[in-house]
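Colleague: Could you look at this predicted model? Sequence included:
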Amino acid sequence: MHMTGIAVLFVAGGVGLSTLASIFDQRTDFLSLLLSTIILTSIGALLYSSSKLGETDQASIFTAVGSTWLVVSLLGTIPYLLTGTFSRTGIGIPEVFVDSLFESVSGFTATGSTVFGGHNLIEMQGSGILLYRQLTQWMGGMGIVVLVVSVLPSLRASGLGLIDAEAPGAGVERIAPRVVQTAKKFWHIYASLTALIALALFIFGMGLFDSVAHALTTASTGGFSTRDASLGHWNSITIEIVVMLGFLIAATNFTLHARLIEKRRFDYPSDSEFKSFIGVIALGVLIITLLLNQSGFSFGAALRNASFNVVTLATSGGYGNALGSGELGDFASWPGSTQMLLLVFIVLGGCTGSTAGGVKIMRFRIGLAHAYSILRSMRRPRALIQARMGGRTIPDSLVERIAGFVVVYGMLVVIGVFILTALGSDLLTSLSGTFSALGNIGPGLGEIGPTSSFVDGFSAPGRLVLLIFMLIGRLEIFPMLLMFVLPYRSSVEALKSKK
Amino acid sequence: MIFSLFPKRGDSGNISYVNSPILIAASRGGLVGISAAGLLAVLSGLIDLTGSGDDTAVFLIFGTLTTVSCAYLTRYISAKKLTRSETFLAVTSGFLFCILCSSFLYLLVIEKENFGNAFFESTAAFTTTSLTVLDFGISGRGVIFYRTSSQLLGSFAALLAAVMLVPISADNFGVGTPGRATTRDAFPEKKKAVKSILVIYLVSTSLLTLILLITELDYFESLLLAISAISTGGFSTNTGYFKNSAVQLPLIIGMIAAGTSVVVIWKLASRKISSALRSSELHGYLLLIAGAAILLFLWADESTASSLTKALFISVASISTTGFHISSFNNWPIVAAFLLLLLVTIGPMSLSNGGGFQIHRLRILLAVSVREMVRQLHPRAVVKISVGGESIKEERVRQVVVFQFLFTSIIFLTATVLSISGIGVHEALSSSITALTTAGPIRNVDGVIIGVSSFSMGERLALVPAMLAGRLYLLPVLISFGYLLSESRDFLRPRRRVMHALRSNK
């Protein structure tokens, strides 16, 4: 509760900033946003003061992290509901709530899937609510819990457990002796990257508001835009290049950035995960460029669109560069050959310890190394063959952890696709939607391409399923699942002790 | 070195012209494969006599020549004991040579066909994948019998390899983990294993043929359908039979039996009924069938007894990876197409005739996911995986996880290759899953069957490695490939080869 309270106060701060932005707007969102700020501040203060930090074990860490994300996502709907962002004729209150929750979860998990579209244009919204929408991604990108830990010096060792439970990848490497310092450093790098991107976008022709708004969602690899055509609105190669670079930096392990900034150590070329990440993206760009070129695109257009869309999906960015549906950058209308490769990138994801989602390159590399060692040991049963990566032996515990993750991930995908197809969506849309939600990517294939709204691809119950998957995926599956399992387990234990 | 220019004496004392381990393994497997295809050709020639007899001569001459040639060539191959990798290579090459040999036979007996089509048909037959490109409409009984019984031969060989290689293959990617003890109980000796499995095949095929004879089918059609059902091959020249409930019911029983572990069947045959029925994998298998059939029936929204039988038939044909071609329901929701893909991917029991991931491995994976949840809460806890009350060794668990990884990777790889050639994403995924699980047929989003004849030659050939790997439970093919790569490393580096030769001359 204590931690959740602080997180809610941060969200209230974000809504406060948006309220200020709405002053300069023609719309009448000011009062609604002000009211939202007051409500969120009150709830946050109430939660903060209602409890204090106590001893933390693994179970309470997962509950704390899971419930923080859940509460923040739920309360994050308040500004949308009070401003009536998703109210439209023909739909009831439950669907308005689902849409608000979807946008809130998609924001905080930095997924970037949206329910805005032809029926409800982004550009019709006020700057206050748009800034709030961008800020949700920025807060969620680095992690709300990391943000909380950076202001809670009393957490000590359990802080690392909290960050670990939230962080993408197989754990967090300390970059400072104290956990609070580690969290602060991550946020400093993140904020500096955001500022740099905003500056670059402004120099290359975006307006001030749009530059800041897009920098917030580029550093977080979120993908929300203030324009209906996303980056396609500007149709500028330089802006796309800045965004691609921003995505690539944000999707790289932040420990490497920290080493560069503090120790002046340029470790990128020696980091095997980073090399694989860049290599895979380069290969993908090359193949897709050739395939697009073969299907009638000019080489330049093919290279530009392949690069942008591969980078945006591989880094879980989620922007689009198409001017409209069926235009060059709309990969949902590209040939099937390219779509299959893009689906692979949706699954793959970025590096560990970054803001990117997906399964992560490191897990695939360990999976391959493990498979190779198992095949070798089957040929030579008496030889002691261990999985190795980058010249180092991979500990069995890590292999088992990743194996467990991959297995649960696969099962969630099957469950997700089954439910979504049962709710009436087509198989490609359901499959890519599930991968996209679990990997916090943003757009998908089929009816949820870069120019489409998730309202077109999924019914309200379907969107509800997807937002649950976004939360599960953002916390790397286990914290959220365990949060639901733990109450059941404790009630079973209580029943047993009664007996 | 792979090739030796100079003949050496083999262990048997015969003159052996082949002394490279790779060639020994490949040749041995190849000769067995070709002889098997030859013997099947002779049998098909005799069956052809019951019909027009037009192809009898071709079958008999081809079969006799290949079998006799193989028997003669055997004396030139060293009789040395094969290592584990060599055994896998022998199995894989046996399958490949058998397929190649059959391809030539198809070219001889079917007019105006190219080698690519013949090769695909032959691969589909021996890997028991229910895909066909050749037109058997005007073919004689011999050809049809050869195509159908190729499935039985392929299925028998794959199952035999799985059971026989269990003691040396580290449980075939964990498939026989709890079954290992039971497999040994059921088949303590290799010879008995061969005999027992052969008996199971022959008895079940004969029984099913007899039951089908009671329906309106003639003896030849009954035999063909029984072979296709028991082998999980799913080939049939007349799909009209599957609309008849009287034919559907015996086939459902046959397909369920084909998807059941041979160990369970052997126990049932040995009257250890209670022990056989205690198998938790069997319970899971039957539950999956029942659940899927009920869902399909409810989605079909046709409350008649025939639609229930049809739902059961489709679900059994899918999970057993038999893949009899039966049309979908009129009210076919998208989720039904996904359910069928899911059933095909899961597949039947381990050590059965079917392909797919198989239920035992899936249960291990479920246990792994539960363990990971527990470990998240108690990172230092030692949590053992147990399935059906039996503890699974960590080594086996890892093998299953690797199997899942490879299984998924092959599906995506094949689908990517297919989509690059122009097939839509859904069809590409559906085709690659169908090929790897050796099931069939390929269905589109609406559940409508897509004929593989509409695929280009390149697309069909892209399915072949997946079909072969799937039929041999991935392991032999992957290990053979790895073995060939590692052993040919020196051969592919001429400088090292020359240096090695110089050193040995000194």
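Modeller: Ah, there it is.

Colleague: So what touches whichever strand or helix holds residue B:212?
Modeller: Per DSSP states H and E: residue B:212 is located in helix B:190-214. For helix B:190-214, contacts defined as Cβ atoms under 8 Å, 6 or more residues apart in numbering or on different chains pick out B:152, B:156, B:159-160, B:163-164, B:186-187, B:219, B:221-223, B:225-227, B:229-230, B:247, B:250-251, B:253-254, B:257-258, B:262, B:265-266, B:269. C-betas here are computed from N, CA, C, even on glycine.

Colleague: Just list the residues touching residue A:326, thanks.
Modeller: For residue A:326, the contacting residues are A:333, A:451, by Cβ under 8 Å, 6+ apart.

Colleague: so residue B:462 touches residue B:421, yeah?
Modeller: Yes. Under the criterion of Cβ atoms under 8 Å, residue B:462 makes contact with residue B:421 at 7.2 Å.

Colleague: When you filter the contacts of helix B:190-214 down to buried only, what's left?
Modeller: For these, a neighbour count by 16 or more other Cβ atoms under 10 Å in any protein chain shown gives the buried set as B:152, B:156, B:159-160, B:163-164, B:186-187, B:221-223, B:225-227, B:229-230, B:247, B:250-251, B:253-254, B:257-258, B:262, B:265-266, B:269.

Colleague: among those, which are in helices?
Modeller: Those of these mapping onto helices are B:152, B:156, B:159-160, B:163-164, B:186, B:221-223, B:225-227, B:229-230, B:247, B:250-251, B:253-254, B:257-258, B:262, B:265-266, B:269, per DSSP state H.

Colleague: From what I see, residue B:347 and residue B:357 are in contact.
Modeller: Yes. Residue B:347 lies in contact with residue B:357 (Cβ under 8 Å); the separation is 5.4 Å.

Colleague: Tell me the first helix or strand C-terminal of the lowest-mean-pLDDT helix or strand in chain A.
Modeller: Every helix and strand of chain A was ranked by mean pLDDT, DSSP states H and E. The lowest is helix A:157-166, at a mean of 58. Later in the chain than helix A:157-166, the nearest helix or strand by DSSP H and E is helix A:179-203.

Colleague: Buried residues, that following helix. List them.
Modeller: By neighbour count with 16+ other Cβ under 10 Å, helix A:179-203 contains the buried residues A:179-180, A:182-187, A:189-190, A:193-194, A:196-198, A:200-202.

Colleague: just stretch B:307-327 next, same as before
Modeller: By neighbour count on 16+ other Cβ under 10 Å, the buried set for stretch B:307-327 is B:308-326.

Colleague: for stretch A:241-250, same thing?
Modeller: A:241, A:242, A:243, A:244, A:246, A:247, A:248, A:249, A:250.

Colleague: List the contacts of the second one.
Modeller: With Cβ under 8 Å, 6+ apart as the criterion, the residues that contact residue A:242 are A:197, A:200, A:201, A:204.

Colleague: how about the nearest residue to it, chain neighbours excluded?
Modeller: Leaving aside its sequence neighbours, residue A:242 sits nearest to residue A:200 (Cβ to Cβ, 6 or more residues apart in numbering or on different chains; 4.6 Å).

Colleague: which SSE is the closest residue to chain A within chain B in?
Modeller: Per Cβ to the nearest Cβ, residue B:372 is where chain B lies closest to chain A, at 2.7 Å. Assigned by DSSP H and E, residue B:372 belongs to helix B:359-377.

Colleague: Give me the mean pLDDT for that helix.
Modeller: The average of the pLDDT scores along helix B:359-377 is 86.

Colleague: Also stretch A:399-414?
Modeller: The model assigns stretch A:399-414 a mean pLDDT of 87.

Colleague: distance between it and the chain's centre?
Modeller: 19 Å (Cα atoms, centre = their mean, to the nearest Å).

Colleague: next one: stretch A:79-91
Modeller: Per Cα atoms, centre = their mean, the centroid offset for stretch A:79-91 relative to its chain is 24 Å.

Colleague: Okay, now it: how far is its last residue from its first?
Modeller: One end of stretch A:79-91 to the other measures 19 Å (Cα to Cα, to the nearest Å).

Colleague: Go ahead and confirm residue B:460 touches residue B:442.
Modeller: No. The criterion here is Cβ under 8 Å, and residue B:460 misses it with residue B:442 at 11.4 Å.

Colleague: which stretches of chain B aren't confidently modelled?
Modeller: For chain B, applying pLDDT under 70 flags the ranges B:1-19, B:165-190, B:488-506.

Colleague: what do you get if the cut-off is 50, keeping everything else the same?
Modeller: Across chain B, the ranges flagged by pLDDT under 50 are B:1-14, B:167-181.

Colleague: Tell me where it has strands.
Modeller: Using DSSP state E, the strands of chain B run over B:8-9, B:15-16, B:385-387, B:390-392, B:442-443, B:449-450.

Colleague: Identify the residues contacting residue B:107.
Modeller: Counting by Cβ under 8 Å, 6+ apart, residue B:107 touches B:113, B:115, B:118.
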